[in-house]
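Trainee: how would this look folded up:
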Amino acid sequence: MKAVYATTTASVTTPGGGQVLVRTGTHWLDDDPVVREHPELFSDDPRYGVSYSVRPASFDDSPIEQATANPGEKRSGVRRG
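Mentor: From the prediction side, this is the model:
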């Protein structure tokens, strides 16, 4: 049994058809049906589960996805829709 951490707040539908509010930073079991259905909402990075009043300097290397290409760089992607 492993814990994962919510990376965002979202209301999602459970596999049984109900609704559950996933709150940023909350701990969930990695085998929970909500985690399995919505893995994009969770991370095993424990920084997402830590509370703080001032962002620690050690968090400056947080994983951040770059949305656009650098000059001269080609980005491949998949369109969904």
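Trainee: Pull the contacting residues for residue 10.
Mentor: Contact analysis of residue 10 by CB atoms under 8 Å, 6 or more residues apart in numbering lists 21, 22, 38, 41. Just so you know, the C-beta spots here come from the backbone N, C-alpha and C atoms, and that holds for glycine as well.
Trainee: which of those sit farthest apart?
Mentor: The most widely separated members of the contacts of residue 10, counting by CB to CB, are 21 and 38 (12.3 Å).
Trainee: Number of residues surrounding the closest residue to residue 25 other than its chain neighbours?
Mentor: Leaving out its chain neighbours, the residue that sits closest to residue 25 by CB to CB, 6 or more residues apart in numbering is residue 49, at 5.5 Å. Residue 49 sits with 18 neighbouring residues when counted by other CB atoms under 10 Å.
Trainee: for the one 3 residues further on, same thing?
Mentor: Counted with other CB under 10 Å, residues neighbouring residue 52 total 8.
Trainee: Could you check which helix or strand contains it?
Mentor: Here residue 52, judged by DSSP states H and E, is contained in no helix and no strand.
Trainee: Could I get the pLDDT score of it?
Mentor: For residue 52, the pLDDT comes out at 76.
Trainee: Residue 38 versus that one, what's the distance?
Mentor: Distance, residue 52 to residue 38, using CB to CB, to the nearest Å: 25 Å.
Trainee: Columns pLDDT, neighbour count and secondary structure on top of the contacts of residue 10, output as JSON lines?
Mentor: Formatted as JSON lines, these follow (pLDDT from 0 to 100; neighbours: other CB atoms under 10 Å; DSSP: H, G, I helix; E, B strand; the rest coil):
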{"residue": "21", "pLDDT": "97", "neighbour count": "10", "secondary structure": "strand"}
{"residue": "22", "pLDDT": "96", "neighbour count": "18", "secondary structure": "strand"}
{"residue": "38", "pLDDT": "94", "neighbour count": "18", "secondary structure": "coil"}
{"residue": "41", "pLDDT": "95", "neighbour count": "19", "secondary structure": "helix"}
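Trainee: For the protein, just list every one of the helices.
Mentor: Ranges of helices in the chain, per DSSP state H, are 33-37.
Trainee: Alright, I will stop here.
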